[in-house]
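Peer 1: Output the structure for:
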Amino acid sequence: MIVNIKQLLQDKTFLILLFIVNLAGTIYGYIWYEGQLSVTPTKFLLFVPDSPTASLFFTIFLACFIIGRHIPYIEALAIVTLFKYGTWAVVMNVLLLMVEGTLSWQGYMLIASHGAMAIQGLLYAPFYRIKMRHLVVAAIWTLHNDVIDYVFDMMPHYGSLSVYMDQIGYFTFWLSIFSIGLTYFLTVRKNTSITYLNY
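Peer 2: The predicted structure is shown next:
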């Protein structure tokens with residue numbers, strides 16, 4: 001079963017389909033942020049659309065993987081941000097359901113799509129060629145993004161949850177730390193162990 005999953009993840013037809021789905025999701029994600037981006041200062045534009053940028057990193061990874069190339073910096077950014085923002089969106093929409101007692105169909109769609117984001121980034125962990133320097137860059141990007149969001153108030157707009165922004169910011173910081181640590185465990189540490197075994 002494990003072998004079959006690994007074969008499926010490397011199957012070219014599956015990879016092309018996954019690439020198309022992620023590309024479409026990335027484009028939709030940027031459209032979803034259109035209202036917020038229209039009132040965002042230019043210097044912060046790069047850091048506001050969190051989820052679509054995460055899926056963009058993964059889409060680039062898929063394009064390279066299909067043709068047999070690796071860009072470890074992109075791979076590190078992809079796994080860290082996909083897991084972080086995928087998990088974050090699921091949690092935020094569940095909280096929105098708890099606070100408001102109801103959730104739109106878009107909310108349920110976001111739970112499903114972002115849950116899939118988090119999972120797919122982890123599934124491809126065995127194929128990444130991430131080293132410590134790549135993870136450091138991804139960590140700086142991710143934590144810097146938290147500062148932009150919660151110090152400069154550029155975080156995503158989530159309606160009635162805005163009154164809990166201090167708590168959400170705290171949660172998001174530790175989610176970033178966990179995402180970075182998980183990436184280290186699944187990629188850098190594993191790759192280092194394999195290198196030692198080869199000596």
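Peer 1: So, low pLDDT: which residues of the protein?
Peer 2: Within the chain, the ranges that satisfy pLDDT under 70 run 1-3, 191-199.
Peer 1: If we use 80, what do you get?
Peer 2: 1-3, 157-159, 190-199 (pLDDT under 80).
Peer 1: following the helix or strand containing D146, which helix or strand comes up?
Peer 2: Assigned by DSSP states H and E, D146 belongs to helix 132-150. Counting by DSSP H and E, the element after helix 132-150 in chain order, helix or strand, is helix 165-183.
Peer 1: For the most centrally placed residue in the chain, which non-adjacent residue is spatially closest?
Peer 2: Nearest to the mean C-alpha position of the chain, counting by CA atoms, centre = their mean, stands L82 at 1.5 Å. For L82, ignoring the flanking residues on the chain, the nearest one in space by CB to CB, 6 or more residues apart in numbering is G121 at 3.2 Å. Every residue, glycine included, has its C-beta placed from N, CA and C.
Peer 1: What of S51?
Peer 2: Using CB to CB, 6+ apart, the closest residue to S51 is Y85 (4.6 Å).
Peer 1: and if you look at I148?
Peer 2: F47 (4.3 Å).
Peer 1: I figured that neighbour hits L143, correct?
Peer 2: No: between F47 and L143 there is no contact under CB atoms under 8 Å: 11.5 Å.
Peer 1: Compare neighbour counts for those two and give me the winner.
Peer 2: Using other CB atoms under 10 Å as the criterion, F47 and L143 rank with F47 on top: 18 against 13.
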